[in-house]
Each structure stands twice: as structure tokens, then as C-alpha cells.
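Enquirer: give the three-dimensional model of this entry:
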Amino acid sequence: MKSLPTTKRRWAVVAAVAAALIGSPATASAAVDAPRIVAHFSLAAGQQPENLLVEPDGSVDLTFSFSRVLAHLDRQGRLTTVATVPAPPDGTVVPLIGSAFVGGIARTADGTLYVTYAAGDANLTGIWRIRPGGEPQRITAMPADGVPNGLVLADGYLYTTDSARATVWKSPISGGNPTAWITDPALAAPAGQFGVNGAKLHNGAIWVTNFAAETVVRIPFAACAAAGNPVIVASGVGHADDFDFTGTGDDALVTTNPDNTVVLVHGDGSHTTALTAADGLQNPTSLARHGNLVYVADAAYFSKADPNLLVARLER
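Expert: Numbers count the residues shown, from 1 in each chain. From the prediction side, this is the model:
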């Protein structure tokens, strides 16, 4: 955990907690301050968070990638397992990753959770639904040679990035076959590397990162909710994994996983480093804003040291 050297930074932490409770808004030009680790996870138990979602009460849902677990961290720091998706048959190889991998997460207002699962198996790969108190159920099958990863909900549909197939899939939230919403070179990567990765809905578009290309890409909605032409908003940001916006503007905070940074990317494409390993990052995989707080999940995929959850404040 990074020490807070000044009184101002200590009070920033206190203010951040209060901000989360009252749900105060963040501004597009906010800067990141007062990072602190609020939870440490067990590497030995496979608790390496790939993605996270902040519940309305400030608690957090996490996907633990290679243990195939969906977990919940309450506001008192108690961690519980919500669901575990089935393992693929022994010897199954997942494209790009090798092992079965639970990735993106989305939530509806009734508390139902949805996760992506890259299993390397036609009977398991796709989107899984977990209703409150229920068992995981696959509702959308996806190609076994794909890597469904980021997940976003928009207008009754789930949009899933496929890191192996340069595609964003679209499927009904009720379940059913997906369609390729867009397949494009802006989402692609060289063979054996991750392409399109994180995804967010923002200002009339699906925004995504491209891990290998080190870009942030905006895909506007065209007529009848079809995909418009993708626009590269920012490049050279590092190996971009997940991200979230700082407010109503187009500034975003982007996690770069092996680069071990969080980068503030402005709507004009310029970018600066906001957080580093000195702040407690351990290969950050995902990020979510909740009011004036930023939650960062660290999987320690490469450092093998301290998977954790870090919280920082967005300063006006």
C-alpha cells in the first residue's frame, strides 16, 4: 500500500468515501489522487481479478479469471463466491490464453449478472447468466476458437469483444445466437496476440481498447443500431486492457496490464500516466468509476506478487 505523505491526501481518502456514499459526480477533467489498496487477494487460491463491477451500494463484483469464479466483495471487505462456471474437459486449449478464462461482467437492475467465458470448448464458450441465488447458465454460445472478453449492456443487448477474432458480437440479453456486430482491422492483432479487449457504452457509441495495437477505439451506432465506422481516438497508450470514463466527457482512465499503469486518455487523443506500480498497481486488468471513486483490479499476472483491489479519488 502506498503511504499518504500529506494531510491533504489523507483527507482526500476520507472525502472519497463520503463521495461514494452520496454518489457525487466526477468531472471530465478530473485527476487521480489518494490511491490505496482496499483488498488483497490470494494468488495461491487463484484470486486474480480480470474484471470488476461496482454495485449501487459500493460493493464490488469480480471475475477471478483462471479459477472461473464470480466473487462478491462487500463494503466490510468480506469476499464470497457467487458462482463458479464449469471447467472444460482436460486437455482443452483456449486460444491466446491456454487455460479457461472468465472475463467481462455486466449487471441488470434486478441484480442478474452476466459474464464471458473463453473455454476452448463449443459446449461452454460464450455468455453465462447468474440470477440472484441461482446457478450459472450459459445463454449464448460463441465460437470455441474465439476469446470472448469485454462485455457491455446496451438497449437489451449484450456486446462482447472477441480478442481472437477482431469482432464485437451482439446478442439478446434474454439469450440466443450472437451476430457479428462488427469485424474490423481496427480491432485486430497479429497472430497469437490479444486484439479488441475492454468495452464501455458511452455517448452513443461502444468504445473498446485494442491490446496489441495500444489504441482506444470508438464505434458509433449507425442506423437501426448497426455499427458505424470505427474511429481510433487515441494511440500509443500502452497495452490497453480495460477502462472507464471520468464523467460525461470523453476523458477515460485506461489500465495497461503488463505496462503496469493507469493512463488518463483525453478525448483529443492526448494521454498522461495517472497511476503506476509505486501506487500499488500489480498488472491492472480492469477499472470502474463509481461517483468520485475509481476502482482498479490488479491480477498480478506477470508480477506474481499481490493481486488486489485499489481505490483512488477523482479530484476536480
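
Enquirer: what about residue 188, how many neighbours?
Expert: If you count neighbours by other C-beta atoms under 10 Å, residue 188 ends up with 18. In short, each C-beta sits where N, CA and C put it, glycine included.

Enquirer: so who does it touch?
Expert: By C-beta atoms under 8 Å, 6 or more residues apart in numbering, residue 188 lies in contact with 166, 195, 196, 210, 213.

Enquirer: residue boundaries of the strands in the stretch 101-250 of the chain?
Expert: 101-107, 113-118, 126-130, 137-141, 148-154, 157-162, 167-172, 179-183, 196-202, 205-210, 215-220, 231-235, 240-245 (DSSP state E, counting those that start in this stretch).

Enquirer: mind listing the strands the fifth one pairs with, and their directions?
Expert: Using DSSP bridges, the strands paired with strand 148-154 in its sheet are strand 157-162 (antiparallel).

Enquirer: tabulate the CA atom coordinates of the strand it pairs with in PDB.
Expert: Only the C-alpha atoms of strand 157-162 are listed here, as PDB (Å, rounded to 0.1, in the frame of the first residue of the first chain):
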ATOM      1  CA  TYR A 157     -28.400  -6.500 -26.000                       C
ATOM      2  CA  LEU A 158     -25.000  -7.700 -24.800                       C
ATOM      3  CA  TYR A 159     -22.000  -6.600 -26.800                       C
ATOM      4  CA  THR A 160     -19.000  -8.900 -26.400                       C
ATOM      5  CA  THR A 161     -15.400  -8.200 -27.600                       C
ATOM      6  CA  ASP A 162     -13.700 -11.200 -29.100                       C
END
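
Enquirer: is residue 207 bridged to anything, and to what?
Expert: Beta-bridge partners of residue 207, counted by DSSP bridges, are residue 200, residue 218.

Enquirer: that one and residue 252 touch, don't they?
Expert: Yes - in this structure, residue 207 is within contact of residue 252 by C-beta atoms under 8 Å, at 7.4 Å.

Enquirer: what residues do the two have in common as contacts?
Expert: The overlap between the contact sets of residue 207 and residue 252 (C-beta under 8 Å, 6+ apart) consists of 200, 216, 243.

Enquirer: top of those residues by neighbour count?
Expert: With neighbours defined as other C-beta under 10 Å, the most crowded of those is residue 243; it has 28 neighbours.

Enquirer: still on that earlier bit, could I get the shared contacts of residue 207 and residue 252 in a markdown table, plus columns for distance to residue 62 and pLDDT?
Expert: Shown next, in a markdown table, are the shared contacts of residue 207 and residue 252 (distance: C-beta to C-beta, whole Å; pLDDT from 0 to 100):
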| residue | distance to residue 62 | pLDDT |
| --- | --- | --- |
| 200 | 17 | 98 |
| 216 | 23 | 98 |
| 243 | 17 | 98 |
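
Enquirer: to residue 72, which of the strands of the stretch 101-250 of the chain lies closest?
Expert: strand 113-118 (9.3 Å; C-beta to C-beta).

Enquirer: mind exporting that closest one as CSV, just the C-alpha atoms?
Expert: Only the C-alpha atoms of strand 113-118 are listed here, as CSV (Å, rounded to 0.1, in the frame of the first residue of the first chain):
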residue,chain,number,x,y,z
LEU,A,113,-25.0,-10.9,-13.5
TYR,A,114,-23.6,-11.8,-16.9
VAL,A,115,-20.0,-13.0,-17.6
THR,A,116,-18.0,-14.0,-20.6
TYR,A,117,-16.2,-17.3,-20.6
ALA,A,118,-13.5,-18.4,-23.0
